[in-house]
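Colleague: From the sequence below, what's the structure:
(2 chains)
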Amino acid sequence: AQSVTQLGSHVSVSEGALVLLRCNYSSSVPPYLFWYVQYPNQGLQLLLKYTSAATLVKGINGFEAEFKKSETSFHLTKPSAHMRDAAEYFCAVSVRSGNTGKLIFGQGTTLQVKP
Amino acid sequence: DVKVTQSSRYLVKRTGEKVFLECVQDMDHENMFWYRQDPGLGLRLIYFSYDVKMKEKGDIPEGYSVSREKKERFSLILESASTNQTSMYLCASCPLRQGYEQYFGPGTRLTVT
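Modeller: Numbering: from 1, shown residues only, chains lettered A, B, ... in the order given. Down below sits the predicted model:
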């Protein structure tokens, strides 16, 4: 069965520091992978997605993620954290269901940014 | 811009009440989904629908039902609300083909007392 594991339920960084949020997936076929962000009391917003084109994917707000098939990983990074990046982040993999697809989400990682 | 709207942001209901959560999308998407979100558990799929009047159970369908009479609208029904259904409920939509991102509504925070 396909699954997603996010390592670390809470990550804390200082403003200006590197952000690294880890995501590992299991998939028997080439996956579609997504990172979403959720700000307090809001729905989820797409940050970026991998759909088997370039392995380094750039998203919104300065985030990017690298697909590494050998490591079954899709870690999210940002060179320099801003206070506004404090939010919850979800990694997801698309799985086939009949003639369509649905998403399997990781447990989420809460990013805290300290001044 | 894709818009997914949910009928209420906050809802308080009593145990045993029948609860309706409504979701509407304006992008003519075939797929619609209902999730519940609980701390430490991420998003768990309750039900989804890939066409009008069609529905599929997700991972946690017990205690819930759904209705899709029109393409743009997907309703989640709690037949007899219980306190363990207190949660954040999120609706999403996307095109039929696998690989498209899902677009989410703002969520409904339901409290059952």
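Colleague: Quick check: closest non-adjacent residue to residue A:78.
Modeller: Nearest residue to residue A:78 in three dimensions, chain neighbours excluded: residue A:19, at 4.2 Å (CB to CB, 6 or more residues apart in numbering or on different chains). (C-beta placed from N, C-alpha, C; glycine too.)
Colleague: Run a quick neighbour tally on the one you found.
Modeller: Neighbour count for residue A:19, taken as other CB atoms under 10 Å in any protein chain shown: 19.
Colleague: what's the answer for the one 5 residues further on, then?
Modeller: Around residue A:24 there are 17 other residues, counting by other CB under 10 Å.
Colleague: Please enumerate the strands of the chain.
Modeller: Unless you meant another one, I'm taking chain A. Under the criterion DSSP state E, chain A contains strands at A:3-7, A:10-14, A:19-26, A:32-38, A:44-50, A:56-58, A:64-68, A:73-78, A:87-97, A:100-105, A:109-114.
Colleague: sorry, should have said chain B
Modeller: Under DSSP E, chain B gives strands at B:4-6, B:10-13, B:19-25, B:31-38, B:42-49, B:56-57, B:64-70, B:73-78, B:87-94, B:103-104, B:108-112.
Colleague: Can I get those in a markdown table including mean neighbour count?
Modeller: What follows is the strands of chain B, written out as a markdown table (neighbours: other CB atoms under 10 Å in any protein chain shown):
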| stretch | mean neighbour count |
| --- | --- |
| strand B:4-6 | 19 |
| strand B:10-13 | 14 |
| strand B:19-25 | 19 |
| strand B:31-38 | 23 |
| strand B:42-49 | 22 |
| strand B:56-57 | 15 |
| strand B:64-70 | 16 |
| strand B:73-78 | 20 |
| strand B:87-94 | 24 |
| strand B:103-104 | 23 |
| strand B:108-112 | 18 |
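Colleague: Tabulate the ones you listed (TSV), appending distance to residue A:84 and mean pLDDT.
Modeller: Listed next are these as TSV, based on distance: least, CB to CB, whole Å; pLDDT from 0 to 100:
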stretch	distance to residue A:84	mean pLDDT
strand B:4-6	23	96
strand B:10-13	24	97
strand B:19-25	27	97
strand B:31-38	22	96
strand B:42-49	23	94
strand B:56-57	37	94
strand B:64-70	35	97
strand B:73-78	32	98
strand B:87-94	22	96
strand B:103-104	19	94
strand B:108-112	23	97
